[in-house]
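J.: Coordinates only, no sequence provided:
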């Protein structure tokens, strides 16, 4: 069993050193007849494969489990700096982490802080004499034994490569979906949130489209809304008289073409609270005028407040 673990460690190292560099070169100098891994896959497996090798080396008791707090002062400083650089790069690179804002950076930083000291010990667990035998055998063995050895090597390397191809497919599908999500309109802010009839409401965000050049519709659950102003990042509309008072769900819809198909995408839902001017003064009116203190100059002027 221990020999098999050593073999897997060697195969992982051989795959990283022998297979990945030419794949990376082909990626940056693409040829339409050659399919290569997506760049995020290269980044992922450069972390995952050494992590597997490190875990096997610790399990095999060929190296100790080295943690950040075991290092000396200079090594701690260096590891922390490298971990931070890796974290910032991957935070920008993978939307799943950037979506978490700065919490994503913290997660990555803590991961690398623990991962890097252990992964650097990974090379210490590699038996380079065995690596030489993996490439060219110095022993005379029978033909049957030779065939067994070649088939065994082939099976292990194919398993490693197949798992990477599967990972590549998942990463490509995830990235493709993230591009689709980036086409969705996103409402980030609504001002004011408490409104009377005929108030002008300002929505800000991204990806709204351009009214007049793109067939976009500002949607309310009971019908269309006439829009006062429409840009890709801002929509201003007047609260219509036919709306019912109370909490309202508002969103933006726009048509897009994706994978050769036409589809309609919908933004996140924003809440708006509509109150009446005719029911006497109550706490809703107090809340309406209280929010005026927090509104920007543009929204105040649009609604007649100087």
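T.: Received it, and whenever you're ready, just let me know what you need. Computed from a predicted model, the values in this text were never measured in an experiment.

J.: what number of residues lie near residue 241?
T.: Other residues lying near residue 241 total 7 when counted by other CB atoms under 10 Å. In short, each C-beta sits where N, CA and C put it, glycine included.

J.: does it count as helix, strand or coil?
T.: coil (DSSP: H, G, I helix; E, B strand; the rest coil).

J.: Could you pull up phi and psi at it?
T.: phi -80, psi -20 (degrees, to the nearest 10).

J.: next one: residue 231
T.: Torsion angles, degrees, to the nearest 10, at residue 231: phi -130, psi 180.

J.: what sits against it?
T.: Residue 231 makes contact with 208, 210, according to CB atoms under 8 Å, 6 or more residues apart in numbering.

J.: Residue 293 versus that one, what's the distance?
T.: From residue 231 across to residue 293, the span is 27 Å (CB to CB, to the nearest Å).

J.: what about the closest residue to residue 47 other than its chain neighbours, helix or strand, and which?
T.: The shortest distance from residue 47 to any non-neighbouring residue, by CB to CB, 6 or more residues apart in numbering, is to residue 115 (7.4 Å). If you go by DSSP states H and E, residue 115 is part of helix 102-120.

J.: Check residue 190 too.
T.: Here residue 190 sits within strand 186-191, counting by DSSP H and E.

J.: chain center to that strand: distance?
T.: Distance of strand 186-191 from the chain centroid (CA atoms, centre = their mean, to the nearest Å) equals 22 Å.

J.: one step back: buried set for the helix holding residue 115?
T.: Across helix 102-120, burial judged by 16 or more other CB atoms under 10 Å covers 104-105, 108-109, 111-119.

J.: Quick one: list the elements packing against whichever helix or strand comes after it.
T.: Using DSSP H and E, the helix or strand that follows helix 102-120 in sequence is helix 128-135. With contacts defined as 3 or more CB pairs under 8 Å, 6 or more residues apart in numbering; DSSP states H and E, the packing partners of helix 128-135 are helix 2-14.

J.: downstream neighbour of the helix it packs on in the secondary structure list?
T.: Counting by DSSP H and E, what follows helix 2-14 is helix 20-28.

J.: For the helix or strand following that following helix, give the mean pLDDT please.
T.: Downstream of helix 20-28, the first helix or strand assigned by DSSP H and E is helix 39-59. For helix 39-59, mean pLDDT is 86.

J.: Report the angle between whichever helix or strand comes after helix 39-59 and helix 39-59.
T.: Next in sequence after helix 39-59, counting helices and strands by DSSP H and E, comes helix 73-93. Per axes from the mean of the first three to the mean of the last three CA atoms, to 10 degrees, the angle that helix 73-93 makes with helix 39-59 is 140 degrees.

J.: Buried residues, helix 73-93. List them.
T.: Judged by neighbour count (16+ other CB under 10 Å), helix 73-93 contains these buried residues: 79, 80, 83, 86, 87, 90, 91.

J.: That helix vs helix 102-120, what angle?
T.: Interaxial angle, helix 73-93 versus helix 102-120 (the same axes, to 10 degrees): 130 degrees.

J.: what comes up buried for the longest strand along the chain?
T.: In the chain, with assignment by DSSP state E, the single longest strand is strand 246-258. By neighbour count on 16+ other CB under 10 Å, the buried set for strand 246-258 is 248, 250, 251, 252, 254, 256.

J.: Grab the nearest non-local neighbour of the second one.
T.: In space, and not counting its chain neighbours, residue 250 is closest to residue 270: 5.0 Å by CB to CB, 6+ apart.

J.: still on that earlier bit, list the helices and strands the strand holding residue 190 packs on?
T.: Strand 186-191 packs on strand 200-206, strand 246-258, strand 270-274, going by 3+ CB pairs under 8 Å, 6+ apart.

J.: can you state the direction angle for that strand and strand 246-258?
T.: Between strand 186-191 and strand 246-258, the angle comes out at 150 degrees (the same axes, to 10 degrees).

J.: if we can go back for a sec, among the buried residues of strand 246-258, pick out the one closest to residue 9, please.
T.: Closest approach to residue 9 among the buried residues of strand 246-258 (CB to CB): residue 256, at 47.9 Å.
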